[in-house]
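Q: With the input below, show me the fold.
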Amino acid sequence: MILRSAISTASEEFRLRYRHNEAVVADFRRRQDEARTVRSEQALARLASQRKMRPRERIDLLLDPGTPFLELSSLAANGAYDGEAPGASCITGIGIVSGREVMIHADDPTVKGGAWYPLTVKKIVRALDIAIENRLPVVHLCDSAGGQLYHQSQVFPDKQMAGRIFRNQSILSKLGVKQLAIVFGHCTAGGAYIPGLSDYSVIVRGTGAVFLGGPPLVKAATGQVISADALGGCDLHTQVSGTCDYPADDEPHAITIAREVVAQWQQPTKFLSRETEVEAPAYDPRELYGIIPRDIKNAFDMREVIARIVDGSRFHEYKPAWGTTLICGFAHLWGYRIGILANNGILFNDTAKKGGHFIELCNQNETPILFLQNITGYMIGEEYETAGITKDGAKMIMAQACSHVPKFTVMCHASFGAGNYGMCGRAFDGRFLFTWPNHQIGVMGGEQAANTLAEVKLQQLKRRGVTATPEELGAIREEALAAYLDQITAYHSTSELWDDGIIDPVDTRNALGIAISASANAPLGAPGNGVFRF
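A: Numbers count the residues shown, from 1 in each chain. As a prediction, the model looks like this:
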């Protein structure tokens with residue numbers, strides 16, 4: 001049935017919320033634009049002198065005209081490295097090339113020559129994880145100085161560091177998922193393996209180069225003096241070594257060749273197809289600005305969100321009269337059938353059991369699941385422990401973790417405590433996880449954390465025989481609160497790549513549409529569950 005909105009768009013509270021969230025989104029857009037475009041004059045001049053395009057210009061030329069590009073983690077590393085690696089010095093996202101959905105990874109040579117910071121590596125690994133999970137072909141736009149040596153201990157040796165990029169490339173090849181590398185600049189050291197492990201490679205004459213050790217390292221190690229072009233340039237690798245496949249005269253030529261290569265790839269058979277005609281929501285998605293509360297502690301009806309992202313605002317609610325703090329039901333989004341779990345409050349025993357059962361129904365019906373998070377956790381206290389809240393929460397987590405259908409998560413407001421786990425937080429292998437700029441995430445809310453930390457500090461002082469004055473205790477609490485609040489913001493979360501990017505709430509429907517379509521390229525996993533504690 002069509003959801004009926006209870007929101008009065010003429011109310012003062014709606015207008016206050018709208019203005020507040022409009023400003024929040026404007027701040028997000030400003031930060032995003034700066035991360036995408038603001039670069040030093042020196043970096044831009046160097047690119048121009050080499051007759052190179054900026055990475056976003058390369059992506060624009062690669063994509064089919066008029067098609068969308070779902071950029072991932074645009075504000076990665078926004079709080080790291082003193083701001084010197086905007087976007088974690090690379091661009092990743094999903095777009096359409098020659099009619100095919102592909103994952104794009106593009107180095108950004110305007111940021112320290114495209115050097116890989118630890119979060120650059122994490123971002124590339126995540127992009128390739130997504131490619132593996134969703135069987136998405138990958139186009140690499142290569143132009144990197146290699147690993148950032150000042151951070152080499154966080155780039156090179158461990159399981160999820162740079163070696164994982166090349167491991168993932170190898171797994172993609174094993175799965176038959178195609179990869180194409182376009183070498184615009186230098187691919188040095190480990191970076192040389194990106195074209196080396198790709199199925200196809202194009203290299204630009206004069207600027208492109210592939211070598212395990214660049215000229216400075218060769219000179220230091222062997223005493224040999226050699227130019228980059230002679231050591232690993234276009235003619236060497238396309239005429240002599242065979243490391244690269246196609247020579248290109250310039251960057252537009254290389255992209256033309258790349259598009260022709262991708263056009264030869266067969267189209268995948270998708271496990272999921274659109275069931276209905278696409279229909280816009282009955283309500284304006286911009287009204288979400290007037291629905292989201294200004295304070296993270298204030299509740300709102302998640303049905304109002306659902307009504308503004310699903311087709312025709314139609315929603316078949318499951319068990320509407322039981323476990324009412326968790327909304328469950330079926331809808332269509334861009335024509336695709338989905339099951340939705342959305343928080344309308346804390347998770348109690350009944351809501352945990354309802355959620356676990358509904359997840360099982362979605363798996364039985366091979367229906368992808370969307371989690372809309374606004375959760376402060378599972379209920380605590382003697383009454384609920386006696387009723388078995390721990391085992392009921394564990395049932396929901398087990399059902400969710402063992403799901404074999406694609407899962408998608410949007411962090412709409414709060415994400416605190418174990419509720420994050422039951423509602424498919426980052427640890428639970430959702431295909432995509434997006435956040436809104438107002439979102440907060442942590443073990444608990446800021447006020448509770450500050451009070452807890454202040455109480456711990458007070459007990460420490462008592463054990464030392466020190467009695468804190470009310471003013472001193474207040475200062476301790478405020479210091480703890482400030483530190484904690486900084487860590488639970490959406491910007492801290494996205495800086496650390498705990499999500500796949502902050503999105504404007506108004507763009508939620510479109511982002512999910514692209515994500516669901518991409519997920520349909522991969523076959524479903526094998527059904528099955530662990531042990532439920534009854």
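Q: and the closest residue to residue 533 other than its chain neighbours, backbone torsions?
A: Distances taken as CB to CB, 6 or more residues apart in numbering put residue 391 closest to residue 533, at 4.4 Å, once the chain neighbours are dropped. Quick note: C-beta positions are derived from backbone N, CA and C, even for glycine. Torsion angles at residue 391 (phi, psi; degrees, to the nearest 10) stand at phi -70, psi -30.
Q: Report how many residues lie close to residue 391.
A: 15 (other CB atoms under 10 Å).
Q: same thing with residue 282?
A: Neighbour tally, residue 282, other CB under 10 Å: 16.
Q: Which residues lie in contact with it in this structure?
A: 2-3, 307, 312-313 (CB atoms under 8 Å, 6 or more residues apart in numbering).
Q: name the element it belongs to?
A: For residue 282, there is no host helix or strand (DSSP states H and E).
Q: what's the answer for residue 474, then?
A: Assigning secondary structure by DSSP H and E places residue 474 in helix 470-487.
Q: I would like the residues contacting that helix, please.
A: Contacts to helix 470-487, defined as CB under 8 Å, 6+ apart, come from residues 442, 446-447, 449-451, 453-454, 457-458, 468, 492.
Q: re the thing from before, ok, so of the contacts of residue 282, who is nearest residue 88?
A: Closest to residue 88 out of these is residue 307 (35.4 Å), distances taken as CB to CB.
Q: Share the number of residues neighbouring that closest one, please.
A: For residue 307, using other CB under 10 Å, the count is 27.
Q: repeat for residue 176
A: 8.
Q: so what pLDDT did it get?
A: At residue 176, the model reports a pLDDT of 96.
Q: cool, and the one 4 residues further on?
A: With respect to pLDDT, residue 180 has a value of 98.
Q: Next: residue 150.
A: 63.
Q: before we move on, the earlier item: so how far is residue 421 from the residue nearest to residue 533?
A: Taking CB to CB, to the nearest Å as the measure, residue 391 falls 14 Å from residue 421.
Q: Could you do residue 506 as well?
A: Residue 506 is 28 Å from residue 421, by CB to CB.
Q: which one of the two has more residues nearby?
A: residue 421 (21 against 16).
Q: Can you name the residues in contact with the helix or strand where that one lies?
A: Using DSSP H and E, the element containing residue 421 is helix 419-422. With contact meaning CB under 8 Å, 6+ apart, helix 419-422 is reached by 343, 346-347, 352, 355, 373, 375-378, 393, 396-397, 400, 427-428, 441.
Q: nearest to residue 217, of the contacts of helix 470-487?
A: For these, the closest approach to residue 217 (CB to CB) belongs to residue 492, at 36.5 Å.
Q: and that closest one, how many neighbours?
A: Neighbour tally, residue 492, other CB under 10 Å: 18.
Q: pLDDT wise, what is the closest residue in space to residue 294 that isn't next to it in sequence at?
A: With sequence-adjacent residues excluded and distances taken as CB to CB, 6+ apart, residue 294 is closest to residue 20, at 4.6 Å. As predicted, residue 20 sits at a pLDDT of 98.
Q: next one: the one 5 residues further on
A: With respect to pLDDT, residue 25 has a value of 98.
Q: That one contacts residue 504, correct?
A: Yes: counting by CB atoms under 8 Å, residue 504 is a contact partner of residue 25 at 5.3 Å.
Q: Residues that sit against both of those two, list them.
A: residue 437.
Q: Following the chain onward from the helix holding residue 421, which element is next?
A: strand 432-435.
Q: and the helix or strand that comes right after that next one, what does it pack onto?
A: Proceeding C-terminally, strand 432-435 gives way to strand 440-442 as the next helix or strand, assigned by DSSP H and E. Applying 3 or more CB pairs under 8 Å, 6 or more residues apart in numbering; DSSP states H and E, we find strand 440-442 packed against strand 407-416, helix 490-495.
Q: Reformat those as JSON lines; add mean pLDDT and distance to residue 138.
A: Shown next, in JSON lines, are the helices and strands packed on strand 440-442 (pLDDT from 0 to 100; distance: least, CB to CB, whole Å):
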{"stretch": "strand 407-416", "mean pLDDT": "96", "distance to residue 138": "21"}
{"stretch": "helix 490-495", "mean pLDDT": "97", "distance to residue 138": "22"}
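Q: Residue 236: which of the ones you listed is closest?
A: helix 490-495 (39.8 Å).
Q: which parts of the lengthiest helix in the chain are buried?
A: The longest helix of the chain (DSSP state H) is helix 12-37. By neighbour count on 16 or more other CB atoms under 10 Å, the buried set for helix 12-37 is 14, 17-18, 20-21, 24-25, 28, 31-32, 35-36.
Q: go on, stretch 473-485?
A: 473, 476-477, 480-481, 484-485.
Q: For the residue sitting furthest away from the middle of the chain, give me the backbone phi and psi.
A: Within the chain, residue 465 marks the point farthest from the mean C-alpha position, 48.7 Å out by CA atoms, centre = their mean. Dihedral pair for residue 465: phi 80, psi 20, per degrees, to the nearest 10.
Q: Next, the contact list for it, please.
A: Contacts of residue 465 (CB under 8 Å, 6+ apart): none.
Q: same check, this time on residue 338
A: Counted by CB under 8 Å, 6+ apart, residue 338 has contacts 310, 330-332, 367-370, 516.
Q: From those, pick the one nearest residue 234.
A: residue 516 (39.9 Å).
Q: Just the CA trace of the worst-scoring helix or strand of the chain on mean pLDDT, in PDB.
A: Every helix and strand in the chain was compared by mean pLDDT, DSSP states H and E; the lowest is helix 446-463, with a mean of 75. Output of helix 446-463 as PDB, limited to C-alpha atoms (Å, rounded to 0.1, in the frame of the first residue of the first chain):
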ATOM      1  CA  GLY A 446      28.200  11.000  23.500                       C
ATOM      2  CA  GLU A 447      26.400  11.900  26.800                       C
ATOM      3  CA  GLN A 448      26.500   8.300  28.100                       C
ATOM      4  CA  ALA A 449      30.100   8.000  27.100                       C
ATOM      5  CA  ALA A 450      31.100  11.300  28.800                       C
ATOM      6  CA  ASN A 451      29.300  10.400  32.000                       C
ATOM      7  CA  THR A 452      30.900   6.900  32.000                       C
ATOM      8  CA  LEU A 453      34.400   8.300  31.400                       C
ATOM      9  CA  ALA A 454      33.900  10.900  34.000                       C
ATOM     10  CA  GLU A 455      32.800   8.300  36.600                       C
ATOM     11  CA  VAL A 456      35.800   6.100  35.800                       C
ATOM     12  CA  LYS A 457      38.100   9.200  36.300                       C
ATOM     13  CA  LEU A 458      36.300  10.000  39.500                       C
ATOM     14  CA  GLN A 459      36.900   6.500  40.900                       C
ATOM     15  CA  GLN A 460      40.600   6.700  39.900                       C
ATOM     16  CA  LEU A 461      40.900  10.000  41.900                       C
ATOM     17  CA  LYS A 462      39.200   8.500  44.900                       C
ATOM     18  CA  ARG A 463      41.600   5.500  44.900                       C
END
